[in-house]
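Participant: Sequence first, then the predicted structure, then my questions.
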Amino acid sequence: MLELNQSIKKILVCLGLFQALSNPEVCGQNIKLRGKIDFYSKAPQEEIKAISDKLNGLINLHENSFAFVVDINSFDGFNNPLQKIHFNENYMESGLYPQARFYGKIIDQINYDLIEDETIRVKGNFDIHGVVQERIISVRITRKNRLLHFESEFFLSLEDFKISVPRIVHQKLSTEIKVHVKGRFTK
């Protein structure tokens, strides 16, 4: 029963953070994050890279929790317009799953006032293509011109998120996608 209550509490905290992301008036103990996210696929016959500058996030200082969200349709920079259409319609099914999310807890203790250059670990759930997968990733936080910036790089497997790749394009699309995220803390 205690485990169920903890799960419900986590869900409510994450829902609160996602609600706050859609309401720019919410601040208080939340720190807003803005950034870019790009992904890279290198396969024998093709390299694909796309980027979105629509990454939004929040950190709740009291809960030491975070939430990030990006609209799948906001990715641009594909090799050609048809790739973007296939990405949205055939692979990510953005009509059914319009957003990708990452939410969870910051594992390491942070003093945001003292950070200059530090790598921390976060544990969270990626919610992509209707599938939730838990991961621990490293995030580098640096201070530049009195502003805090964050950056992370990691790999995600298409199979883990039930993203099917037709046999005919196996040579053009990697099954492991390199993801790079960077941005800054805002007020």
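Facilitator: Everything's here; your move.

Participant: List of residues touching the helix or strand harbouring residue 139?
Facilitator: Here residue 139 sits within strand 131-144, counting by DSSP states H and E. Residues from elsewhere that reach strand 131-144, judged by CB atoms under 8 Å, 6 or more residues apart in numbering: 104, 107, 110, 115-126, 148-152, 154, 160-162. The way it works is simple: take the backbone N, C-alpha and C, and place the C-beta from them, glycine included.

Participant: Narrow those residues to those that are buried.
Facilitator: With burial judged by 16 or more other CB atoms under 10 Å, the buried subset of the contacts of strand 131-144 is 104, 110, 120, 122, 124-126, 148-152, 161.

Participant: Check the burial of residue 64 by counting its neighbours.
Facilitator: Residues lying near residue 64 (other CB atoms under 10 Å) number 15.

Participant: Strands of the chain, start to end?
Facilitator: In the chain, the segments counted as strands under DSSP state E are 30-42, 47-60, 65-71, 99-106, 117-128, 131-144, 147-157, 176-186.

Participant: Just send these back as a markdown table, with distance to residue 92 too.
Facilitator: Output for those, formatted as a markdown table (distance: least, CB to CB, whole Å):
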| stretch | distance to residue 92 |
| --- | --- |
| strand 30-42 | 11 |
| strand 47-60 | 11 |
| strand 65-71 | 11 |
| strand 99-106 | 8 |
| strand 117-128 | 8 |
| strand 131-144 | 12 |
| strand 147-157 | 12 |
| strand 176-186 | 11 |
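
Participant: Tell me the pLDDT of the spatially closest residue to residue 127 that is not a sequence neighbour.
Facilitator: Nearest non-adjacent residue to residue 127, counting by CB to CB, 6 or more residues apart in numbering: residue 101, 4.2 Å away. As predicted, residue 101 sits at a pLDDT of 98.

Participant: would you turn the buried ones among the contacts of strand 131-144 into JSON lines with pLDDT and distance to residue 133?
Facilitator: Formatted as JSON lines, the buried ones among the contacts of strand 131-144 follow (pLDDT from 0 to 100; distance: CB to CB, whole Å):
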{"residue": "104", "pLDDT": "97", "distance to residue 133": "11"}
{"residue": "110", "pLDDT": "87", "distance to residue 133": "24"}
{"residue": "120", "pLDDT": "96", "distance to residue 133": "20"}
{"residue": "122", "pLDDT": "97", "distance to residue 133": "14"}
{"residue": "124", "pLDDT": "97", "distance to residue 133": "10"}
{"residue": "125", "pLDDT": "98", "distance to residue 133": "7"}
{"residue": "126", "pLDDT": "98", "distance to residue 133": "5"}
{"residue": "148", "pLDDT": "93", "distance to residue 133": "27"}
{"residue": "149", "pLDDT": "96", "distance to residue 133": "26"}
{"residue": "150", "pLDDT": "96", "distance to residue 133": "21"}
{"residue": "151", "pLDDT": "98", "distance to residue 133": "21"}
{"residue": "152", "pLDDT": "98", "distance to residue 133": "16"}
{"residue": "161", "pLDDT": "97", "distance to residue 133": "7"}
